[in-house]
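[1] structure here, sequence nowhere to be found:
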């Protein structure tokens with residue numbers, strides 16, 4: 001029986017990937033609030049509607065995948081409520097957080113390092129966002145070693161020149177399409193035009209937006225951040241391109257079976 005990819009959107013950066021017969025929890029934020037650096041005055045966020053899963057209602061998880069050490073990807077209150085014996089793959093900064101929380105099976109991957117999980121799934125850490133000089137976080141390329149299906153995930157701003165050197169095409173790409181510009185840091189999350197360039201580079205069959213959610217945020221940082229573009233703008237750019245990529249937009253809590261969208 002052919003394997004397929006199923007994707008469950010939770011909200012913001014949080015997903016459940018079903019690939020190679022494995023259930024993978026990605027960048028989970030399941031417990032309110034989300035506070036950056038332990039400083040509520042800087043940034044505090046809440047879900048506007050109840051999140052689709054709590055730590056107690058998640059399906060059985062085979063692997064936890066963390067792209068960054070920042071709180072909106074590596075959320076300590078959520079991770080502290082999960083089974084610490086679940087295998088975890090993380091960026092070096094996120095691996096330190098997991099270790100501090102008592103996780104016992106952590107694989108730290110820097111850019112272009114790879115790991116085979118149960119000899120069924122290949123996971124490659126691809127260059128992700130440079131949070132500060134010398135600290136480059138992860139995106140991930142996942143490959144089902146039996147079917148050959150591939151999934152690319154990047155929640156911030158991928159350095160395309162580096163990505164296209166080693167990645168050809170993928171079946172599924174998950175990346176932002178609404179950009180964000182931060183004070184002093186500049187643009188840290190890709191918008192519609194950059195997302196289109198990513199799609200032109202990877203030529204995915206399917207593209208799913210991430211780093212968007214029904215949340216409310218308070219503090220200094222949200223007042224200073226400027227957003228760029230929208231999902232409808234990206235949809236229009238994609239339609240005008242020569243790509244055959246299909247845009248999929250699951251609602252929070254919705255699971256999409258990619259096999260259902262194939263022709």
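    Structure's in. What do you need? Small disclaimer: the values here were computed from a predicted structure and weren't measured.
[2] show me what the mean pLDDT comes to for stretch 96-115.
    Average pLDDT, stretch 96-115: 97.
[3] cool, and stretch 37-55?
    Mean pLDDT, stretch 37-55: 94.
[4] next: stretch 4-14.
    The average pLDDT within stretch 4-14 is 95.
[5] with stretch 160-170 instead?
    For stretch 160-170, mean pLDDT is 90.
[6] again, but for stretch 254-263
    On average, stretch 254-263 scores 83.
[7] please identify the buried residues of it?
    Judged by neighbour count (16 or more other C-beta atoms under 10 Å), stretch 254-263 contains these buried residues: 256, 258. The way it works is simple: take the backbone N, C-alpha and C, and place the C-beta from them, glycine included.
[8] residues in contact with that stretch?
    Stretch 254-263 is touched from outside by 2, 4-9, 16, 18, 171-172, 205-206, 208, 246, 248, 250, with contacts defined as C-beta atoms under 8 Å, 6 or more residues apart in numbering.
[9] with stretch 85-92 instead?
    If you take C-beta under 8 Å, 6+ apart as the criterion, stretch 85-92 is touched by 61-69, 74, 95, 97-98, 103-110, 115, 117, 123, 125, 128, 137-138.
[10] returning to what we had before: what about the contacts of stretch 254-263, which are in strands?
    Among those, DSSP state E puts 6-9, 16, 18, 172, 206, 208, 246 in strands.
[11] residue 214: which of the residues you listed is nearest?
    When those are ranked by distance to residue 214 (C-beta to C-beta), residue 9 comes first, at 11.3 Å.
[12] tell me what that closest one is bridged to.
    Judged by DSSP bridges, the bridge partners of residue 9 are residue 15.
[13] what residues does it make contact with?
    Neighbouring residues of residue 9 by C-beta under 8 Å, 6+ apart: 15, 208, 250-254.
[14] and the helices in this protein?
    All helices of the chain, identified by DSSP state H, fall at 76-79, 92-100, 160-166, 192-202, 220-224, 231-240.
[15] of those, which stretch is the most buried?
    Mean neighbours per residue, mean count of other C-beta atoms under 10 Å, is largest over the helices of the chain for helix 192-202, with a mean of 21.
[16] tell me the buried residues in stretch 207-218?
    Buried residues in stretch 207-218 (16+ other C-beta under 10 Å): 207-213, 215.
[17] for the residue minimising distance to the centre of the chain, what are its contacts?
    Centroid check for the chain by C-alpha atoms, centre = their mean gives residue 155 as the closest residue, at 4.6 Å. Residue 155 is in contact with 13, 27, 67-68, 73, 128-129, 139, 175-176, 189, 210-211, counting by C-beta under 8 Å, 6+ apart.
[18] got a pLDDT number for it?
    Residue 155 is assigned 95 on the pLDDT scale.
[19] quick one, phi psi at it?
    Note on residue 155: backbone dihedrals following degrees, to the nearest 10 are phi -90, psi 0.
[20] filter the ones in strands among the contacts of stretch 254-263 to the buried ones?
    Burial by neighbour count, 16+ other C-beta under 10 Å: within the ones in strands among the contacts of stretch 254-263 this picks out 6-9, 16, 18, 172, 206, 208.
[21] now for those residues: which two are most distant?
    16 and 206 (16.3 Å).
[22] hang on, the earlier thing: with distance to residue 224 as extra columns, can I get the buried residues of stretch 207-218 in CSV?
    Compiled in CSV, these are given as follows (distance: C-beta to C-beta, whole Å):
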residue, distance to residue 224
207, 29
208, 28
209, 23
210, 22
211, 18
212, 19
213, 19
215, 17
